[in-house]
Structure formats: C-alpha cells, structure tokens
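Asks: I'd like to go over a predicted model; first the sequence, then the structure.
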Amino acid sequence: MKAKAGNVDIDISKEFTPEQLKKLDEIIAKNKDKAGALIPVLEQAQGVLEFLPMPILKIIASGLNLPLSRVYGVVTFYSFFTMTPRGKHTMRVCLGTACYVRGGKAINDIIKKELKVEEGETTPDRLFTLETVRCVGACGLGPVIFVGENVHGRLKPAKVKDVISQYN
Amino acid sequence: MSKINTLEDLNKAAKRGLESIIPSKTKVMVGMATSGIASGAQEVYNALAEEIKKRKLDIILSKTGAMGMDCIEPLVDVLQPNKPRLAYSKVTAKKVPEIIDQIVKGAVNGNKPAYRMDEEEFICLNENKPYLKGPVPKDLEGIPKIGDVSFYKKQMKLATRNCGMINYESIDEYIAKGGYFSLLKALTKMQPDEIIDEVIASGLRGRGGGGFQAGIKWQTCRRAHGDIKYVICNGDEGDPGAYMDRSVMEGDPHSVIEGMIIGAYAIGSSQGFIYVRNEYPLAVANLQRALDQAREYGLLGKNILNTGFDFDLKIGKGAGAFVCGESTALMTSLEGKAGEPRAKYIHTVEHGLWDRPSNLNNVETWANVPAIISRGAKWFSSIGCKNNSGTKVFCLVGKINNIGMVEVPMGIPLKEIIYEIGGGIPGGKKYKAVQTGGPSGGCLPDSLIDISVDFDSLWDAGSMMGSGGMIVMDETTCMVDIARYFIDFLEFESCGKCVPCREGVYRMNEILNDICDGKGKAGDVELLESMSQGIVDGALCALGSTAANPVLSTLKYFRDEYVAHVRDKKCPAGVCKALIRFSVSDEKCTGCGVCLKKCPTECISGEKKKTHVIDQTKCIKCGVCKESCKFDAIIVE
C-alpha cells in the first residue's frame, strides 16, 4: 500500500460549501452507533465531498468516536479513498492482465507523457486525474481506458492523443 | 406483491415469470451486463426503445445479463412467438432500424443473426421448454444452433444457468426457472443435517480458488459454538482478468441469494453479508434490487416461506483492496477496519466476523447450491471428473480469438478450452502459455496443453484453479515481464502486516525490475528461487504464501527467457524496453512521414520519400511508429 499525501493545512471552509459540510454531519449522525460504520461513512462522505483531506478525517473521527489513527489507517489502506482533490475527469487506465498483455502499459506510458503526471496525480489545471486500475472486466475490449463513464476500448498508442483532446 | 407462503404461491409467481420469459408477443432482449454496456449496449437499448415507440410497436423490451461471448457484444436477442430465439451480434444503434424491420416483416435478410436457440434449458427443473412448436422456419435453418457454435458447444452452464437468459430485474422470471423451489424444498422437507449431507455428497468444492469441500465447511460451522452465526458471500473478485462472479451477481443475483438462505438454514445463521467490490456498481444495484424483491415476497426476513425461519442479508462494499478477497481480511473489512488478514490457525468457521462462527463461500459456490438441492447430489457429482464434481466458470481473455466467460465441466482438457471454445490465437501467432489462478497462480506452457482442467491437476502443475481467470499469452508476451507484472501487483496490494510478504515481495520486485531493465546479474535467478521459498514458508496469508507462484512457474517452464535477459541482455519476445531498440528498415521505408507525425516524442526525422531515422536518445519505445507504419518498416530487435 502506498501512502497518500494529504494537505494538512487545507481550509475546508474554502474548499467545501456549507451544504456539503452539513451533509457530512448528517452522514455521521445517521451512522454514529452502527457497528462497522466507518467504511460506509467514508464512502458516502467522499461521494459528497469528492476527496477526504485531513481536517475532514478529524471531523469523522470525532463524530464516530474513533481514534484519528484508525480513520487515517482505513483511508490510506483502501485505494478507493483519496485525500487529494480530483480532476474534472478521472482517467482510469486498465492494467488488468488481459489489457496488459494486449499493450495496456504502452498506453499508460503515453498518457503519462501527454498529461505530464504520474499515476494518482491530477493535472495542474485540475482537468484530469490519472489512475490505473487492475481489471475493469471489459477484457473483450482490451486495452481499455475509462474517462469518467466513457469507455475507450481496443485503444492503440497512436490514438491516445485524439482521446485526450476530446475532453476539456 | 403479496408474500409467498405456499407451493401454490410459488407456482403462481412461476407462471407469471414463464409468461414473460416466453411471452405471447415479440420480445427483444439486450445483453446489459457490464461487458455489454462497455461495448455500447446502453445506446443500443435506447435506440431500440426509441424505434419501438416511434413505430408504435407492441414489443417487449427487456434487459438480460451476459451470455459470455464478450467479443461479439452488444448482443440483441429477438424472440417472436413460435419462432426460434435469434441472437444478433455486434449490434450498434445504427443497425437497430434494420433489426426492427426484420422483426416487423418476420424475415431475416441482410443482417444475419450469429446463432439461434430453438429451446430454453431449465436446469433446476430438469426440462427444456421449446420456443416453437413444429419445425424451424426454412429461412432460419441456415442460422447455426447455439449448440453448434464452437464457443458454446463444449460448455455446460450451471452456475451461470440464467445469465443472459432471464431479465435480471425480474424475480418472477427467476422463479419460473425453478428458483426458490429449492429453498422451499430445503425449508419444508429437509433437516439442516440432510442439506449438509447432500452438499457433502455432491462434492462441491469452493469456487473461490481454495477448493475446500463446501459441505464440510458448513458442517464445521454448524457444529461451532455460538448463538449468532454468519454466512458470507465473497464477491470481492480482485484477480485481474476475471469477472465470473460479477457476471453472476449482475445477471442472476437471486441464485446467490437463494444459495445463501439455504446455507444459512443448514448452518443455523440468521444474518448474512454479501461483500462486493466497489468497482462493481451494477452488481451492487442488481443485488440490492433482488434483496428488496426477496424481502417483499417473504423469502428473506422474518418467517421465511411461513416456516418460522428468520434470515436477512446485507451488502457490504469493498473499497479497493485486493487482499480483502482473503477470507479473514474480508471479515476485518466488514467490521469497518483496514482489511488485514490474520493467521489461519484460528478458523473463521469458529471465530470469524466479530469473533463469531462465520461461513464464507464465493459467489459461484453459492450459485451452485440451489441446483444441487433441486437436482440432487448424485446428479451434480456425475458432472466433472474424480474429486472435482460440477463445472467451473472461467474468463478466457488475452491473446485469444473468442474472448469471454465460459463454463465447462471440470476435467475438460485445456486444449479444448483454448482451441475449440477460444478459437485459438489471433493473427496466426504461436501459443505460448496460459496463466491461471490470477496473481497467485502460475503459467501453463505448450507442453501442458493436454492437462485436465481441475483443482488437483492444475495444482500439481505448479499453477492453481484460482477464481477462474485464464489469460492466454502468445509468442509476443515476455514471461519475465509477466512475472514482474504480477509481483508488482502483489507488492502494491500487500497489506504490509507480515515481513516476508511486505519486504520479500518488494525485494523480488526490485530484482525482476532490474532483470527487465537489463541490469540483471549472475545469481539473480537463484536468489529469486530461494526468496520464493522463504515467502511461501513465512507469509501470514494466502496472498503472501502464493505470491511467489508466478515467478516459480515461469522459472520452471521458461527459464531460458530469464537467462536471455540476465546473460545475453536480450528480450526474446521484444517487450522489455531496455533490451530492445526500434530502427527503420532501409529497404521497406517509403518515407511517407506517418510515423514522424505520430511519434509522441518527435524523435523520428527524415525528408519525404527518403528513409527516416529514429533518434535513439529520445525514443521511449512506445511502439506507435511500428503500429502506424503501413509498410512494416519498423524493426524491433
């Protein structure tokens, strides 16, 4: 598991709207006394806030009456959770075995080159977040990438530039 | 909907279901599992809905799961009264008006279906119901029967019996296929011990990869002390290139639910969990709908089928951690913690979730249970081979012509899966190996092509059944690179709890990266071997103790490739970038300039109509030039 860097000094009142923070409180209140509630709470919170910076983790920890270390431990353990802001489009490159043997790695290398980011990073203009995933189960279309909900299958290295330019 | 309490109630629901499976008017079904949707099935569905509305036609439009043949999706099945069911392949929104034309005219011309079905199999009821009375119409005779299509010919569908056949949104259609009759039989006519004996006698082994006798596990859990017991379904299908469980959860969610209720009754449990990967939103949605329907019918919750038995199910969602497919880690994750596994000498059937007796089986195992209860252990054990009864679902992917999900009887020769069902290797390339068992499995080379595909034979060959991924590789796949790929995967997914896995796999990854980068040293291969043994012996859970398998099996069968990398600094398959270089053939290059334009690093130069040159210092070896060259003028060596 790779550690996720999270900006500790982030000002949540600037990053999130009051409505978003209110929803967070509601999610916590609803799950407060349930066994095994932490993961569902984090999942719903990320659904509302899009990312979970350290100050948010502190709110969740005190709300659920759990040590912050436990909350931080869970967030950094599961790849689904993110502590950094995300781009407008999430580009997920499938590196499942089927896509890999059909050239997924070359596709990934070119995307990294084109976007000038590494896996897990967001472009400075916050347009794209690049992620790699291990199998989205669209093996019949490999190599495949997802941009948001859109599927780009049977992708060739030469077509990567065209795909990126479709999004703005 | 009123609750189902008696056999008559169930029969009524089955009658409704049958009327919607084989209706008295035209029905069009779109394969809308994730694989279909990824190929564009949603657009096709929308286009069909629009066209039907526009022409004011009285046609039922329905959704179904995955039939398995991913490479010909999106699939649209047309069923008209007293006619065979026709399957149109690779349908696009553009082709929809033509298909509707054919339906209206009642004649097939132009757009030919891929295959036809004359009858539908009802496995749990042990009968086939015909779509048509009398002979097949003359104009449809030329369309192959599904049983004659090489992809389907050797298949046998038990766990995936309803996938692609019923509407996954309809509980009545599931009941019409014999669903929940097994539950009624179990609850009203069988004692818990009888059910367990039946499952033991069937020989059903855990389909998640372990291959442990499911019935024995149930028995141990039943005998374990504790007033509260849990049944759990492992739907955290994390192996890359495997999506059998997803297909079952999406296409036939009730089969898993029914299996779990029967299991819960046999074990004495009143609460269950289905743990599903977060990456499977459609599976979660379909399971959730199915749970609601079952509750509405009184098949879940208090006093199930009016027998006094109480049981309910909840969905727990994973959050993207491969190790959570391991049973102890999964239970820790269900408790809301980081999913770290623990030592297995404390059995989960005695001390599992919240320290209570917990029986965990995988999706495919649960889906088999209703069929075993309805048809009996004798029937189930007559399928397959010795000590490996029943069927197994595989995902046949990679360098293979017919990509898709297949279900075959245990003991089928590998050759038949690769060359008959899979249709061989594309582009006339040579078969090199098939990787089974995911990151914990191994590779089977050409010399083992006749191997019987069952738990024991695969294990003896240094691989394993695993959950059912089957990734086919051809001569352009580098086996050292593949070993590195899996080790890299496992290094990332290692939870970090035990040292052999955390540090050992990390170090193996370093060595393999060095070898692929041309920095391999004499003794590296031997070091990999001895480290592998250390990890096998020392790791805490199955992720670690099987982590070395990809290395050990590639070393066993493809040692020469390792030697080529380390000693000769060559990658025979032309994959490892540090060991290959791209150049332009003087003879073949026409100077057309296509590669020059496509190159992402602008490292190709040359005048029009003259041989181009690749600047080796700037080349990132991405292969764009080779792929875009129409004259085969790019040389890789």
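Replies: Perfect, I can see it now. Every value quoted in this text rests on a predicted model; they were computed, and no experiment measured them.
Asks: domain map for chain A?
Replies: Domain ranges of chain A: A:3-77, A:89-165, per automatic domain parsing.
Asks: buried deepest among these, which one?
Replies: Neighbour counts (mean count of other C-beta atoms under 10 Å in any protein chain shown) averaged over each of those peak at domain A:89-165, with a mean of 20. For glycine as for every other residue, the C-beta is placed from the backbone atoms N, C-alpha and C.
Asks: ok so, going back, and the domains of chain A as TSV, adding mean pLDDT and distance to residue B:203?
Replies: Output for these, formatted as TSV (pLDDT from 0 to 100; distance: least, C-beta to C-beta, whole Å):
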stretch	mean pLDDT	distance to residue B:203
domain A:3-77	89	35
domain A:89-165	89	29
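Asks: tabulate these in JSON lines, adding columns for distance to residue B:589.
Replies: Below are these laid out as JSON lines (distance: least, C-beta to C-beta, whole Å):
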{"stretch": "domain A:3-77", "distance to residue B:589": "47"}
{"stretch": "domain A:89-165", "distance to residue B:589": "17"}
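Asks: the stretch 201-350 of chain B: strands as residue ranges?
Replies: Counting by DSSP state E, counting those that start in this stretch, the stretch 201-350 of chain B has strands at residues B:230-235, B:271-276, B:301-304, B:309-317.
Asks: whoops, chain A was the one
Replies: A:89-94, A:128-133, A:145-147, A:150-152 (DSSP state E).
Asks: the stretch 1-150 of chain B now?
Replies: Under the criterion DSSP E, counting those that start in this stretch, the stretch 1-150 of chain B carries strands at the ranges B:27-31, B:60-64, B:76-79, B:85-88, B:115-117, B:119-122, B:127-130.
Asks: what residue is smack in the middle of the chain?
Replies: With no chain named, the answer covers chain A. Central residue of chain A (C-alpha atoms, centre = their mean): residue A:82, 5.2 Å from the mean position.
Asks: chain B was what I was after
Replies: Centre-most residue of chain B, counting by C-alpha atoms, centre = their mean: residue B:244, 2.2 Å.
Asks: would residue B:458 count as being in a strand?
Replies: No - going by DSSP: H, G, I helix; E, B strand; the rest coil, the assignment for residue B:458 is helix, not a strand.
Asks: okay, it: pLDDT?
Replies: Residue B:458 carries a pLDDT value of 93.
Asks: what's the burial count for it?
Replies: Residue B:458 sits with 23 neighbouring residues when counted by other C-beta atoms under 10 Å in any protein chain shown.
Asks: chain neighbours aside, what residue packs nearest to the residue nearest to the centre of chain A?
Replies: Counting by C-beta to C-beta, 6 or more residues apart in numbering or on different chains, residue A:51 is the residue found nearest to residue A:82 once chain neighbours are left out, at 4.9 Å.
Asks: also residue B:500?
Replies: residue B:538 (3.6 Å).
Asks: the one you found against residue B:503, yeah?
Replies: No - in this structure, residue B:538 is not within contact of residue B:503 by C-beta atoms under 8 Å, at 10.3 Å.
Asks: so how far is chain B from the residue lying farthest from the centre of chain A?
Replies: The outermost residue of chain A relative to its centre, with distances by C-alpha atoms, centre = their mean, is residue A:33 at 27.5 Å. Distance from residue A:33 to chain B, counting by C-beta to the nearest C-beta, to the nearest Å: 13 Å.
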